[in-house]
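Visitor: No letters, just coordinates:
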């Protein structure tokens with residue numbers, strides 16, 4: 001049973017307040033038993049819409065929960081998506097305050113830069129590759145406004161797919177990039193390897209995650225635009241970070257990217 005509009009607005013307000021005060025809230029799913037994916041995306045769009053009205057710009061999208069490691073870590077077994085806004089982009093090699101987040105974790109991903117719009121109910125990997133101008137090593141800082149990361153699928157959808165910030169390294173034209181599924185990736189924190197994986201960990205091919213996103217947005221009456229950045233999901237499990245940490249992602253044949261966390 002779908003939620004009433006007043007319940008959707010109340011849930012969106014709770015998530016907005018949690019982000020502003022840096023105080024996470026109990027899972028929405030535990031308090032709103034009628035909450036389904038359609039409701040959750042409506043809650044997400046309500047908060048994104050407010051930020052757009054205040055001047056933010058959509059720079060792309062993120063796909064979450066595409067790797068077995070992340071699905072098992074969070075107990076959620078199908079993908080979701082969220083929006084990347086301009087104020088979520090952190091310069092590669094830069095420093096970001098840990099106080100900007102509630103419960104930050106880092107993932108390493110192969111980012112896509114679209115050279116043309118992408119939409120359609122039958123979008124496949126070949127279509128994604130044809131529309132992709134470049135790829136890049138990237139770090140996603142995920143965060144949850146839900147206490148202790150006790151999320152179900154609808155909790156993370158409502159919470160903009162647990163988005164925090166995105167750090168994108170140098171773009172490599174797709175024609176010069178290695179085969180994406182075969183790229184081996186390592187996540188380092190303070191110089192030590194804490195996780196490793198490959199492009200194939202993301203639905204077998206990170207381009208498949210982008211195709212899933214394009215098909216999903218098409219069904220909702222939207223599309224991926226030229227110049228949009230798409231984060232397809234993590235090659236590895238996510239790892240907690242704290243003030244003083246320096247995070248680096250190294251991708252064989254693609255390059256590296258880093259970010260530091262200050263207090």
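Guide: Thanks, I have the structure now. Nothing here was measured: the structure is a model prediction, and the numbers come from that model.
Visitor: Can you show me the helices along the stretch 151-263 of the chain?
Guide: 153-158, 206-219 (DSSP state H, counting those that start in this stretch).
Visitor: Tell me both backbone torsions, phi and psi, for residue 130.
Guide: phi -70, psi -30 (degrees, to the nearest 10).
Visitor: what about it, how many neighbours?
Guide: 12 (other Cβ atoms under 10 Å). In short, each C-beta sits where N, CA and C put it, glycine included.
Visitor: ok, now which ones touch it?
Guide: The neighbourhood of residue 130, defined by Cβ atoms under 8 Å, 6 or more residues apart in numbering, contains no residues.
Visitor: Quick check, pLDDT for it.
Guide: Predicted confidence (pLDDT) for residue 130: 98.
Visitor: same deal with the one 4 residues further on?
Guide: Per-residue confidence for residue 134 comes out at a pLDDT of 98.
Visitor: Tell me the spacing between it and residue 166.
Guide: 15 Å (Cβ to Cβ, to the nearest Å).
Visitor: Same question for residue 2.
Guide: 32 Å.
Visitor: cool, and residue 99?
Guide: 18 Å.
Visitor: higher neighbour count, these two?
Guide: For residue 99 versus residue 166, neighbours defined as other Cβ under 10 Å are more numerous around residue 166 (23 against 11).
Visitor: Nearest the middle, which residue of the protein would you pick?
Guide: residue 62 (3.7 Å; Cα atoms, centre = their mean).
Visitor: How far off centre is the one helix or strand in the chain whose mean pLDDT sits lowest?
Guide: Least confident helix or strand of the chain, by mean pLDDT, DSSP states H and E, is helix 68-74 with a mean of 72. When C-alpha coordinates are averaged (Cα atoms, centre = their mean, to the nearest Å), helix 68-74 and its chain have centres 14 Å apart.
Visitor: List the contacts of it.
Guide: 64-65, 77, 107, 149, 151, 156, 195, 197, 201, 233-234, 236-238.
Visitor: Give the residue spans of the stretch 1-150 of the chain that score low on pLDDT.
Guide: The model of the stretch 1-150 of the chain has pLDDT under 70 over residues 1, 70, 74, 76-77.
Visitor: ok, which stretches of it are helices?
Guide: 5-21, 28-31, 37-53, 68-74, 125-131.
Visitor: if we compare the ones you listed, which one ends up closest to residue 87?
Guide: helix 37-53 (8.0 Å; Cβ to Cβ).
Visitor: ok, residues contacting that closest one?
Guide: 2-3, 8-9, 11-12, 15-16, 28, 32, 58, 82-83, 85, 153-155, 157-161, 220.
Visitor: And the buried ones among these, selectable in ChimeraX?
Guide: In ChimeraX, this line selects whichever of the contacts of helix 37-53 come out buried by 16 or more other Cβ atoms under 10 Å:
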select :3,8,11,12,15,28,32,82,83,85,153,154,155,157,158,159,160,161
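Visitor: one step back: just the contacts of helix 68-74: which are in strands?
Guide: 64, 107, 195, 197 (DSSP state E).
Visitor: Of all pairs in these, which one is the farthest apart?
Guide: 64 and 195 (16.5 Å).
Visitor: More neighbours: the two, which one.
Guide: residue 64 (29 against 20).
Visitor: contacting residues for that one?
Guide: Per Cβ under 8 Å, 6+ apart, neighbours of residue 64: 70, 79, 80, 81, 82, 142, 156, 161, 162, 233.
Visitor: Go through those and give me the one with the most neighbours.
Guide: The most crowded member of the contacts of residue 64, judged by other Cβ under 10 Å, is residue 233 (29 neighbours).
Visitor: gap between the closest residue to that residue other than its chain neighbours and residue 212?
Guide: Spatial nearest neighbour of residue 233, excluding adjacent residues (Cβ to Cβ, 6 or more residues apart in numbering): residue 66 at 3.0 Å. Going from residue 66 to residue 212 by Cβ to Cβ gives 8 Å.
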